[in-house]
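J.: Got a predicted model here, sequence first, then my questions.
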Amino acid sequence: MRSLKSKLILGISTFIVVLLTISAVLQVGEKQKELIGDILNRARSFAELTSGKVVDSYKLYLVPNSFVYFNRDVKDVFSKDEDIDWLQIVNFNGEILYDSKEDKDQKYEGKTRFINDDKMLAQIKAKKMSVLAENHSDPVYFKKTDQPDGSIVYQPVNADDKPISGIGSSEEIRYLVQPANEEYSIIYGVTYNALAARIWATELRILILAVFGVALGILLAFLFGSNITKPLAVLKAGAEILATGDLTHRVEVKTKDEIHDLAQSFNTMAAELQESTKALIYKERVGKELELARQIQQRIIPRNIPLIAGIDIAAGIKPAEEIGGDCYDFLPISENELIFYLGDVTGHGVPSGIVVSIANALFYSYADRAKLDEILIEVNEVLKAKTMPNMFITLVLMKWLALENKFSYASAGHEQIIHYRARENKAVLLPAGGLALGMVADISQLISIRDVPLESGDVLVIYSDGIPEAWKSETEMYGMKRLVAIVEEYSKFDKALSIKNAIISDVYLYRQGYKQMDDITCVVVKKT
């Protein structure tokens, strides 16, 4: 490059980088020693504070086989110090009662484990804290002494309680042994994995300072580069033209330095901005179309639930996206006969919404068939022929005959209906079965129609898998056990609407704001 600016940038930047590199080497070395010592001090304090709690939790939970609660307490202990990697609970006989590295999922029930290292066994039996350094063969014990000013001094001693030189400032330790009481000691494994991150934080601050220094050098170089003012003015004028909305404008700079490159980048940005604007317009149009599709789907969901003698019905749906894959509908055949269903199409979004629309129209068309299996067979044939091979719908089709006081249903691979029996005050799962609609051409041999005797106060809860599979974290799910218990608790409400609202509210309370992964749909039928 021929510009004075480039020479100034190179000279000033080189000086700043060299100066800061020397400073960084010195600071990082000192920081590393400081952090290694800090890890030892923190581990020592941590062991004193937590050893009693670990032993208490061991006696309270692990001894009577409550591993889950004990494991929860151990995880809580680990969360308080990232430098502690593992721990063992050992009695003074050298028996290993718990090892966090091995006993991760359940209480150890195998052959009795013992400490085989005599030196480690001596550490366990000692009544003083001790550590084993990475490059030492003998452990270092710490004699704790309270000072008149209230501080505490840890004097390094050997096994015979004689003062020794201790651990160097740059030496790492393998583990720390802390007596917990007259029966147990806790062995804490120390890790230095976080040390690199802390060193990197120091290096990052130096790097930021270096970047700032280089930027300052560039600024100084710009002040002396008067020959760049003209092309900058051209760029400014071009930016003002772009601001008016003329995204076709391009600037022309003939200098043979970085300003020329900047002008080329400016033109590239203008071209990309032009394309981005087109994409934004397209996105807005698609958004409006999705909103229209959402409104159409909302009209598919029945606004009013028909009144029919003998039962009280409530239903609701909470889609995960603008367009959901769950659906339900009520199809009165007469004033004493009602057919209704709840379905769940694979996935959610536009493809699922289309299948929902098709299924809704089909059930309207075939609702006058005499039997539930006939309706399902007809709907399945059309879905198999008219939808993609990977699109199908699980569904429960139900019928209520008021005059006969008869409820029957047929499942097409859907979740089990929950039946709350008021007389027994108990909720049970009804048989499922069948195969999702749209998977195979003929399901006539796979359909079973089941009758469910209902007594006054009985409740039926039909739902999509978005309820039992609602997540409140990456590892915790609502589950069927909780759902059955909630149905059993809330079915005592007088109205189906109250029961439905209570179930869905409990799901949302459980999720605690975690992202909804699937549509949540629920239909409640209460026998009056």
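T.: Arrived safely, thanks for sending. Residues are numbered from 1 along each chain as shown.
J.: List the contacts of residue 179.
T.: 51, 126, 127, 128, 129, 185 (Cβ atoms under 8 Å, 6 or more residues apart in numbering). Any C-beta I mention is one placed from the backbone N, CA and C, and that applies to glycine too.
J.: These in helices, which ones?
T.: residue 51 (DSSP state H).
J.: quick one: which of the contacts of residue 179 is nearest to residue 41?
T.: Residue 41 lies nearest to residue 129 out of those, by Cβ to Cβ, at 11.9 Å.
J.: Which residue comes closest to the closest one once chain neighbours are left out?
T.: residue 142 (4.7 Å; Cβ to Cβ, 6 or more residues apart in numbering).
J.: so which strand or helix has the one you found?
T.: In this structure, residue 142 sits in strand 140-146 according to DSSP states H and E.
J.: Tell me the strands beside that strand, with direction?
T.: strand 129-133 (antiparallel), strand 152-157 (antiparallel) (DSSP bridges).
J.: which of those strands sits most buried?
T.: Burial of the strands paired with strand 140-146 is given as mean neighbour count (mean count of other Cβ atoms under 10 Å); strand 129-133 ranks first at a mean of 22.
J.: For that one, which outside residues touch it?
T.: Residues contacting strand 129-133 (Cβ under 8 Å, 6+ apart): 40, 44, 47-48, 119-120, 123, 139-142, 144, 154, 167, 171-179.
J.: now swap in stretch 231-250 and tell me
T.: For stretch 231-250, the surrounding residues in contact (Cβ under 8 Å, 6+ apart) are 251-253, 255, 259-260, 262-263, 266-267, 270, 273-274, 277.
J.: Average pLDDT for stretch 377-396, rounded please.
T.: The average of the pLDDT scores along stretch 377-396 is 92.
J.: tell me which residues of it are tucked away?
T.: In terms of neighbour count (16 or more other Cβ atoms under 10 Å), stretch 377-396 has its buried residues at 377, 379-384, 387, 391-396.
J.: tell me how far the ends of that stretch are from each other?
T.: In stretch 377-396, first residue to last residue: 13 Å (Cα to Cα, to the nearest Å).
J.: Then stretch 443-454?
T.: Using Cα to Cα, one end of stretch 443-454 lies 28 Å from the other.
J.: Pull out the buried positions in that stretch.
T.: Buried residues in stretch 443-454, counting neighbours by 16+ other Cβ under 10 Å, are found at 443, 446, 447, 452, 454.
J.: again, but for stretch 176-195
T.: Judged by neighbour count (16+ other Cβ under 10 Å), stretch 176-195 contains these buried residues: 176-180, 184-190, 195.
J.: Same check on stretch 341-358?
T.: Within stretch 341-358, the residues scored as buried using 16+ other Cβ under 10 Å are 341-349, 351-356, 358.
J.: How about stretch 122-138?
T.: Of all the residues in stretch 122-138, those buried under the rule 16+ other Cβ under 10 Å are 122, 123, 124, 126, 128, 129, 130, 131, 132, 133.
J.: try stretch 266-282
T.: Applying 16+ other Cβ under 10 Å to stretch 266-282 flags 266, 267, 270 as buried.
J.: residue contacts, the second one?
T.: To tie it back to what came earlier, the one meant is residue 267. Listed by Cβ under 8 Å, 6+ apart, the contact set of residue 267 reads 250, 251.
J.: Looks to me like it is in a helix.
T.: Yes: assignment of residue 267 by DSSP: H, G, I helix; E, B strand; the rest coil places it within a helix.
J.: Can you tell me how far residue 25 is from residue 172?
T.: 21 Å (Cβ to Cβ, to the nearest Å).
J.: Settle it for me: which of these two has more neighbours?
T.: residue 172 (16 against 11; other Cβ atoms under 10 Å).
J.: got a pLDDT number for the more buried one?
T.: On pLDDT, residue 172 comes in at 88.
J.: go on, residue 224?
T.: Looking at residue 224, its pLDDT reads 59.
J.: Renumber starting at 21 from here on
T.: All right, first residue 21 from here; so that's residue 244.
J.: Helices along the stretch 421-548 of the chain, start to end?
T.: 500-510, 516-531 (DSSP state H, counting those that start in this stretch).
J.: How far off centre is the last one?
T.: Averaged C-alpha coordinates place helix 516-531 at 22 Å from its chain's average position (Cα atoms, centre = their mean, to the nearest Å).
J.: can you pull the buried residues of that helix?
T.: Quick answer for helix 516-531 (16+ other Cβ under 10 Å): 516, 517, 519, 520, 521, 522, 523, 524, 526, 527, 530, 531.
J.: Select from the buried residues of stretch 361-378 every entry located in strands.
T.: Among those, DSSP state E puts 361, 362, 363, 364, 365 in strands.
J.: Closest to residue 100 out of the residues you listed?
T.: Using Cβ to Cβ, residue 364 comes nearest to residue 100 of those, at 43.5 Å.
J.: number of nearby residues for residue 108?
T.: 22.
J.: should've said residue 508
T.: Residue 508 has 17 neighbours, counted by other Cβ under 10 Å.
J.: any idea how far residue 534 is from the residue nearest the centre of the chain?
T.: In the chain, the residue lying closest to the centroid (Cα atoms, centre = their mean) is residue 494, at 3.5 Å. Applying Cβ to Cβ, the value for residue 494 to residue 534 is 9 Å.
J.: for residue 426, same thing?
T.: Separation of residue 426 from residue 534 (Cβ to Cβ) stands at 41 Å.
J.: now swap in residue 210 and tell me
T.: 35 Å.
J.: And residue 186, by the same measure?
T.: Counting by Cβ to Cβ, the gap from residue 186 to residue 534 is 49 Å.
J.: These two: which has the busier surroundings?
T.: Between residue 186 and residue 534, counted using other Cβ under 10 Å, residue 186 has the larger neighbour count: 16 against 13.
J.: Most widely separated two among the buried residues of stretch 142-158?
T.: Within the buried residues of stretch 142-158, two members stand farthest from each other by Cβ to Cβ: 144 and 153, at 17.5 Å.
J.: rewinding a little: right, and out of the buried residues of stretch 286-302, which lies closest to residue 53?
T.: The closest of those to residue 53 turns out to be residue 286 (Cβ to Cβ; 49.5 Å).
J.: which ones are touching that closest one?
T.: Residue 286 makes contact with 255, 258, 259, 271, according to Cβ under 8 Å, 6+ apart.
J.: List only buried entries from those.
T.: 255, 258, 271.
J.: Could you measure from the last one over to residue 545?
T.: Translated: residue 271. As judged by Cβ to Cβ, residue 271 and residue 545 stand 71 Å apart.
J.: The first one now?
T.: Using Cβ to Cβ, residue 255 is found at 71 Å from residue 545.
J.: With residue 231 instead?
T.: Relative to residue 545, residue 231 is positioned 67 Å away (Cβ to Cβ).
J.: When these two are compared, which one has more neighbours?
T.: residue 545 (26 against 12).
J.: wait, that one sits on residue 519?
T.: No: between residue 545 and residue 519 no contact is recorded; they are 9.6 Å apart, counting by Cβ atoms under 8 Å.
J.: what touches both of the two?
T.: Any residue near both residue 545 and residue 519 by Cβ under 8 Å, 6+ apart counts here, and that gives 479, 481.
J.: could you pull out the helices for the stretch 71-220 of the chain?
T.: For the stretch 71-220 of the chain, helices defined by DSSP H, counting those that start in this stretch occupy the ranges 87-98, 138-145, 213-244.
J.: and among these, the most buried is which?
T.: Mean neighbour count (mean count of other Cβ under 10 Å) peaks for helix 138-145 among the helices of the stretch 71-220 of the chain, with a mean of 18.
J.: Centre of the chain to that helix, how far?
T.: Computed by Cα atoms, centre = their mean, the chain-centroid distance of helix 138-145 equals 43 Å.
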